[in-house]
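[1] coordinates only, no sequence provided:
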């Protein structure tokens, strides 16, 4: 067994280890990446043959967290890991987006990358190691790959940049980014920020890149030591230079002119398809059939080059706009009369219908993952139906793209949404994409912001988002380029960068960037960020024409929530045995009540949320809970309810769960023969609390002191109690009396059989 271990030392002394040759040796490549007690097993396998008709890179990346890694059982009936969680899908996408551009253009073999979390230290974030593990597995194989790459999380904690911070450090960060890069170039950036400047974000990216360079050098050493510098051969695309020239000569100029025509998306697509059909008409049926794949590939390249050159040469885009120009925008709020909040945001041919729903704590999303067990107060869901692009196909569940776009929009809006205790509501935003031609995720941010304000959610500032693109000259990427504001779908597909930036007027809240070109300078990125800032502010100005600030109040049909805090010792009393009390309160008041324990300055408190559609229900529940938590005070008059009657008096509930004795002598000034002559079970009666026994806590009540004393009333003389001295010593002073009754076998000292019946034994 040839086990090789490499180490990467972080600036704070922590060490990342890469080990290969011990586990999963039948895979084309496998490594274990370890930091502290956290371990990731990454494997990569590659098919031997290309599937017929494949003209793209069939890469599949799957990140999976095993519950045994943290010594936990999976939830659910099956008690085993099931389908990938949203978090696992998001990590898979982070790795995929960094790896995919680095395979050769003509490499079409299926590649499967699997990264499994097999050991998990509680405070270490494993997702930051997944990209390194995947790249190291490729480096340990002979699969053609133009890497290596690595991914790190960079956060600014207390003013200082930190690589791969812990969970607890990230909570204090105002910048948190995942950055992927080769030794030479940035490949991918994604993360969230608390309204930071473009300059600060670039500094974070640069800091991360310096760390990544060390990771790449270690992987190159690993590759050389394993003898994998020379990669395997693979089936290359068939080439026909004569056909390639014929397509260029026939199609390029026509594609260029069509690109300049500024036709709508569908007409432009039909025009490009017609040009291809015109060329096909010049070929025989045998040529078309034999060279169909090459024809499609060569024609796509001509279409791409014509559009790119048109933008670089003339500064005019496919829809006729200037490079920094944003498409026309129109917005409308309160479109759906029964939703808690709604808005339409339309930019060019992209449209989002956004809604907001407000709920109680019971509506919050519960996350039960290997290392994360918490509730999300705010969620954003993004739906992308096929009809939004005019496709005629069924919609089958939520795809990875939808989860990724929804997560980006959620991160963009999260910093401005008030959270508990300021805002007790669970908040759900849904973005339905009704039309799409470029950056529907940014439309979701803008539409979601408008819908939140329409719902009356007191966001701190409005947020807008814009998608940026980049077209470069392959030979001079930092000299001849065009930065595009508010890109179209075609510009995203054919361009060299997709850069989404969201933020308020004061700074960036979230970003997502994918770069497909080598050697892009930080100067170009800085210019792109500044152009994005200007575009974002323009879009925000258009949004503010529809609604400029949150509504003063929620809409009438939104459930109202009142939050109170009670002393910790009363939490059990409010809940009751087996939840009996709180369930009874909810049933009788119609309110939804949720209670949780919290610590405030080291003191236990109960945080109680009371939600209902009408104020009367909330008031009734409040009165009930306040009664449970109230401390009875001697001398106070209470309006109570008779709950039981005995021969010597009645027990009256003066506060929820708190009963006192109303003695028969305290019912009335006149003599009462029977308790039932004055009160019965279920009667409501005013009583005054006379006394609370200091030892037992028992309460003595009186009704008669609240009734006017009859004229001439004389208090009956009470006979004095007999002097104990005349009755001998108290029992406890008389010494032992022999065994207790229960120890003596009964009143007569044992069992005596009935003489009238025969004993049967």
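    Yep, that arrived. Note that this is a predicted model, so its numbers are computed, not measured.
[2] quick check, pLDDT for residue 406.
    Note on residue 406: pLDDT of 97.
[3] next: residue 624.
    For residue 624, the model assigns a pLDDT of 90.
[4] is it true that it touches residue 586?
    No - taking contacts as Cβ atoms under 8 Å, residue 624 lies outside contact range of residue 586: 10.3 Å. (Glycine included, C-beta is placed from N, CA and C.)
[5] next, the buried residues of the biggest helix by length in the chain.
    The longest helix of the chain (DSSP state H) is helix 198-226. The neighbour-count check on helix 198-226 (16 or more other Cβ atoms under 10 Å) flags 198, 201, 203-205, 207-209, 211-212, 214-216, 218-219, 222-223, 226 as buried.
[6] same check, this time on stretch 704-711
    Of the residues in stretch 704-711, residue 704 count as buried by neighbour count, 16+ other Cβ under 10 Å.
[7] same question, stretch 69-82
    69-70, 81.
[8] rebuild those as CSV, extending it with pLDDT.
    Shown next, in CSV, are the buried residues of stretch 69-82 (pLDDT from 0 to 100):
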residue, pLDDT
69, 97
70, 96
81, 92
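[9] which among these gets closest to residue 346?
    residue 81 (41.6 Å; Cβ to Cβ).
[10] contacting residues for that closest one?
    Contacts for residue 81 (Cβ atoms under 8 Å, 6 or more residues apart in numbering) come out as 64-67, 74.
[11] please redo it, this time with the cut-off set to 7 Å
    By Cβ atoms under 7 Å, 6 or more residues apart in numbering, the residues touching residue 81 are 64, 66-67, 74.
[12] need the buried ones from the residues you listed selected in ChimeraX.
    Applied in ChimeraX, the following selects the buried portion of the contacts of residue 81 according to 16+ other Cβ under 10 Å:
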select :64,66,67
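[13] just name the closest of the contacts of residue 81 to residue 520, please.
    Of all those, residue 520 sits closest to residue 64, with 32.8 Å by Cβ to Cβ.
[14] got the buried residues for the helix or strand hosting the closest one?
    Assessed by DSSP states H and E, residue 64 sits inside strand 59-65. Residues of strand 59-65 classed as buried: 59, 61-65 (neighbour count, 16+ other Cβ under 10 Å).
[15] try stretch 357-368
    357-361, 363-364.
[16] same question, stretch 289-299
    Quick answer for stretch 289-299 (16+ other Cβ under 10 Å): 291, 294-295, 297-299.
[17] out of residue 624 and residue 586, which sits in the busier spot?
    residue 624 (22 against 18; other Cβ atoms under 10 Å).
[18] what sits against that one?
    585, 589, 656.
[19] look at the second one and report its pLDDT.
    Looking at residue 589, its pLDDT stands at 93.
[20] got phi/psi on residue 383?
    Note on residue 383: backbone dihedrals following degrees, to the nearest 10 are phi -120, psi 130.
[21] can you get me a residue count around it?
    Using other Cβ under 10 Å, residue 383 has 19 other residues around it.
[22] which helix or strand contains the residue nearest to it when sequence neighbours are not counted?
    Using Cβ to Cβ, 6 or more residues apart in numbering and skipping residues adjacent in sequence, the residue nearest residue 383 is residue 432, 5.2 Å away. Assessed by DSSP H and E, residue 432 sits inside strand 426-435.
[23] equivalent analysis for residue 484, please.
    Counting by DSSP H and E, residue 484 is part of strand 481-485.
[24] I'd like the average pLDDT over whatever helix or strand comes next after that strand.
    Sequence order places helix 489-494 as the next helix or strand after strand 481-485, per DSSP H and E. Averaging pLDDT along helix 489-494 gives 87.
[25] give me the buried positions along helix 489-494.
    Under the neighbour-count criterion of 16+ other Cβ under 10 Å, helix 489-494 has 489-492, 494 buried.
[26] how far does the helix or strand where residue 573 lies sit from its chain's centre?
    Using DSSP H and E, residue 573 falls within helix 571-575. With Cα atoms, centre = their mean, to the nearest Å as the basis, helix 571-575 stands 30 Å off its chain's centre.
[27] about what we covered before: what does the helix or strand just after the longest helix of the chain rub up against?
    Next helix or strand after helix 198-226 toward the C-terminus (DSSP H and E): helix 241-260. Residues outside helix 241-260 that contact it (Cβ under 7 Å, 6+ apart) are 268, 271-272, 275, 279, 291, 294-295, 298-299, 302-303, 306-307, 310, 316, 318.
[28] can you check stretch 114-131 too?
    Under the criterion Cβ under 7 Å, 6+ apart, residues 33, 35-43, 62-66, 69-70, 91, 94-95, 98, 133-134, 149-153, 164, 166-168, 178, 180, 370-371 lie in contact with stretch 114-131.
[29] in helices, which of those fall?
    Using DSSP H, the subset of the contacts of stretch 114-131 located in helices is 91, 94-95, 98, 133-134, 167-168.
[30] which among these end up buried?
    The buried subset of those - by 16+ other Cβ under 10 Å - is 91, 94-95, 98, 133-134.
[31] got JSON lines for the residues you listed, with distance to residue 187 too?
    Output for those, formatted as JSON lines (distance: Cβ to Cβ, whole Å):
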{"residue": "91", "distance to residue 187": "16"}
{"residue": "94", "distance to residue 187": "11"}
{"residue": "95", "distance to residue 187": "11"}
{"residue": "98", "distance to residue 187": "5"}
{"residue": "133", "distance to residue 187": "16"}
{"residue": "134", "distance to residue 187": "13"}
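[32] just these now: which is nearest residue 709?
    Relative to residue 709, the closest of those is residue 91; by Cβ to Cβ it sits at 80.1 Å.
[33] I'd say the closest one and residue 61 touch.
    No - Residue 91 lies out of contact with residue 61 (Cβ atoms under 7 Å); the separation is 9.0 Å.
[34] could you list the low-confidence segments of the chain?
    716-761 (pLDDT under 70).
[35] can you tell me which residues contact residue 362?
    Applying Cβ under 7 Å, 6+ apart to residue 362 gives the contacts 592, 594.
[36] surely it is within a strand?
    No - applying DSSP: H, G, I helix; E, B strand; the rest coil, one finds residue 362 to be helix, outside a strand.
[37] any idea how far the residue lying closest to residue 618 once chain neighbours are set aside lies from residue 438?
    Spatial nearest neighbour of residue 618, excluding adjacent residues (Cβ to Cβ, 6+ apart): residue 612 at 4.9 Å. Remark: distance between residue 612 and residue 438 (Cβ to Cβ, to the nearest Å) = 44 Å.
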